[in-house]
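> sequence unknown, structure follows:
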């Protein structure tokens, strides 16, 4: 989820003492040792620090980060490539099968079913593929990488805190940029907006109920106005923009959501 979500507020110390970033794997182990000090100051505990120590430089993540072609497509091509018609058709069936579930989420958070279903379908094909990259290794690699280290450092801290609280482990798999679960939360956002909707005492982003409630919570906290429109030019479109920075993605979600809810 949320491949380019806006940075959230974490109480982090200044980065002056952090190890220098790098563009190859050669400095990663040294960087991890220095980053561990920063993580500890930010509140990461033993399990999280162990996960950091065990993380490995993720070459596939770096390759993916340098080659994000689909966001440069036209809207029509993007929707075709990402299977918008299939998402809408399957999304309508999902809503019809479990209307009470989506209605309950809308009552609590104000976000319509179509928006949540469109995001779920776009991100993971409704949970059919939630990624094959180790989340902790991917996100720490991006925090180390010079291209966008300032953006990813808080998410790396978030991932280590998720390990501390038991929501993920070093083995947890997600997308190549470290996004996790049914709707592909970046770890810092997962840490901040996660909801235990099942009431089992654990926020599990690989559980659909927790993941969709967390997604609805994110949108509401970002300013979603219940009952207002979400197409371009309408109040809630700006909230969809908080989920992903790519304009073709934002437009696709709004269009698919309207078709699912229509």
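Alright, I've got the coordinates. These numbers come from a predicted model, not from an experiment.

> Quick check: which element contains residue 192?
Per DSSP states H and E: residue 192 is located in helix 187-193.

> Now do the same contact list for the residue nearest to residue 221 when sequence neighbours are not counted.
Closest residue to residue 221 apart from its sequence neighbours, by CB to CB, 6 or more residues apart in numbering: residue 193 at 6.2 Å. C-betas here are computed from N, CA, C, even on glycine. Shown in contact with residue 193 (CB atoms under 8 Å, 6 or more residues apart in numbering): 185, 214, 217, 218, 221.

> Pick out whichever of those residues sits closest to residue 55.
residue 185 (18.6 Å; CB to CB).

> Touching, the closest one and residue 179? I think so.
Yes - taking CB atoms under 8 Å as the definition, residue 185 is a contact partner of residue 179 at 6.2 Å.

> How far off centre is the helix or strand bottoming out on mean pLDDT in the chain?
Least confident helix or strand, the chain: helix 59-65 with a mean of 92, by mean pLDDT, DSSP states H and E. Mean-position distance between helix 59-65 and its chain equals 17 Å (CA atoms, centre = their mean, to the nearest Å).

> Next SSE downstream of that helix?
Proceeding N to C from helix 59-65, the next assigned helix or strand is helix 75-81, under DSSP H and E.

> sorry, back to before: and the pLDDT for the residue nearest to residue 221?
Here, the pLDDT recorded for residue 193 equals 97.

> now swap in residue 143 and tell me
97.

> For it, give me phi and psi.
phi -70, psi -30 (degrees, to the nearest 10).

> repeat for residue 145
phi -60, psi 140.

> Any idea how far the helix holding residue 192 is from the middle of the chain?
Distance of helix 187-193 from its chain centroid, counting by CA atoms, centre = their mean, is 8 Å.

> With stretch 89-107 instead?
For stretch 89-107, the distance to the chain centre is 22 Å (CA atoms, centre = their mean).

> contacting residues around residue 194?
Applying CB under 8 Å, 6+ apart to residue 194 gives the contacts 167, 185, 203, 205, 210, 214, 217.

> any idea how far the nearest residue to the third one once chain neighbours are set aside is from residue 114?
Put plainly, it is residue 203. Nearest non-adjacent residue to residue 203, counting by CB to CB, 6+ apart: residue 194, 3.8 Å away. Using CB to CB, to the nearest Å, residue 194 is found at 23 Å from residue 114.

> Over to residue 99?
From residue 99 to residue 114 the distance is 12 Å (CB to CB).

> all strands of the chain, in order?
133-134, 173-174 (DSSP state E).

> what mean pLDDT would you report for the first one?
When you say that, I think you mean strand 133-134. 96.

> List the strands paired with it, with their directions.
Applying DSSP bridges, strand 133-134 is found paired with strand 173-174 (antiparallel).

> contact partners of the strand it pairs with?
Here strand 173-174 has contacts from 130, 131, 132, 133, 134, 135, 138, 180, 181, 184, using CB under 8 Å, 6+ apart.

> cool, and stretch 215-230?
So stretch 215-230 is contacted by 1-2, 105-106, 108-112, 115-116, 119-120, 183, 185, 189, 193-195, 234-240, 242-243, 254, 257-258 (CB under 8 Å, 6+ apart).

> now the helices for the stretch 101-250 of the chain?
113-124, 135-144, 149-165, 187-193, 208-221, 237-243, 247-261 (DSSP state H, counting those that start in this stretch).

> most packed of those?
helix 135-144 (a mean of 28; mean count of other CB atoms under 10 Å).

> what's the angle between that one and helix 149-165?
Angle between the axes of helix 135-144 and helix 149-165 is 150 degrees (criterion: axes from the mean of the first three to the mean of the last three CA atoms, to 10 degrees).
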